[in-house]
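Trainee: after the sequence you'll find the predicted model.
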Amino acid sequence: MTAQLEKCSRFAELHQQRSAWLIPNPWDVGSARVLQGLGFRALATTSSGFAYTLGRADGAVTLEEKLAHCRELAAATDIPLNADFENGFSDENATLRDNVLRLIETGIAGLSIEDFSRDKLTIYSKDEAADRLAVVMEAIQQSGIPVLLTARAENLIRGVDDPDDTLERLQAYSATGAHVLYSPGLTTLEQIQRFIAATDKPMNVLAPFVVGASVPQLADLGVTRVSTGGALNWAAVNPLITAGKEMLEQGSFNWLTGMAKGTQVQALLKKKPDAP
């Protein structure tokens, strides 16, 4: 498989592009390999999608499970992988640093850190969150592996409808050296345009929240990266629910007409990415 340093280099180059590009979120090795086979140039893990594979709610995955998941996906693919590392699995800075160093060892090319505490279920203060990102940047430098750090401001999906504070947070996070900025929950093109105009780093936008927007429209605003979060996982689960209901309620198998062809899936699983 492709070496980690090469993946990091490719990931950095993608973020220097002027046009927006898609980074879909697989939830297991099979979905990661299929997305690679389709031609996507980078992937990102999804905390909710991975938790689903374990039969759990988002936020209920352990550190060891997350590390194993990232190691598995990074080893199984030849394109850069960004890890949704939630809050780093610790409120303590020393442990956060150690956890990030362990994550980098899994072979990832980037990671995102949220400003929301998994344990306390509260948003860190802006200053505390910025200090934590500085610790993560120190860990990246200590590792010697140039992974990219995405700083996430969680306000808008954690019940704090305060775009001004969210923007101020992203500006503070940028000052720590974070490479990419991300505020899941932006819902309009006007919001996105305002955030991009007021920040100085590549911006990730979560597509499912911006209903009806296309990649070209987001590119025109200056968006760099477009992700899908857990949406692909839930889109894949819906046919399972539909088929299950049909069999139970009607005893029929009409859902078979919507199956993917096994030969096509096998071909995608084996396909290598095009040379950069």
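Mentor: Nice, thanks for sending it over.
Trainee: what's the local residue count around V160?
Mentor: The local packing of V160 (other CB atoms under 10 Å) involves 15 other residues. Any C-beta I mention is one placed from the backbone N, CA and C, and that applies to glycine too.
Trainee: correction: the previous question concerned F209.
Mentor: 19.
Trainee: that one reaches G185, doesn't it?
Mentor: Yes. F209 is within contact range of G185, at 5.8 Å (criterion: CB atoms under 8 Å).
Trainee: and the pLDDT for A75?
Mentor: The confidence metric pLDDT takes the value 97 at A75.
Trainee: I meant to write K271 there.
Mentor: 89.
Trainee: mind listing the strands for the stretch 1-150 of the chain?
Mentor: 21-23, 43-44, 81-84, 110-114, 148-152 (DSSP state E, counting those that start in this stretch).
Trainee: make JSON lines from those and add mean pLDDT, mean neighbour count and distance to G230 to it.
Mentor: Shown next, in JSON lines, are these (pLDDT from 0 to 100; neighbours: other CB atoms under 10 Å; distance: least, CB to CB, whole Å):
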{"stretch": "strand 21-23", "mean pLDDT": "98", "mean neighbour count": "18", "distance to G230": "14"}
{"stretch": "strand 43-44", "mean pLDDT": "98", "mean neighbour count": "24", "distance to G230": "11"}
{"stretch": "strand 81-84", "mean pLDDT": "98", "mean neighbour count": "27", "distance to G230": "10"}
{"stretch": "strand 110-114", "mean pLDDT": "98", "mean neighbour count": "26", "distance to G230": "14"}
{"stretch": "strand 148-152", "mean pLDDT": "98", "mean neighbour count": "25", "distance to G230": "14"}
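Trainee: tell me which residues are up against the longest helix along the chain.
Mentor: Assignment by DSSP state H gives helix 231-250 as the longest helix of the chain. Helix 231-250 is touched from outside by 24-27, 31, 46, 48-49, 52, 207-208, 252-255, 258, with contacts defined as CB atoms under 8 Å, 6 or more residues apart in numbering.
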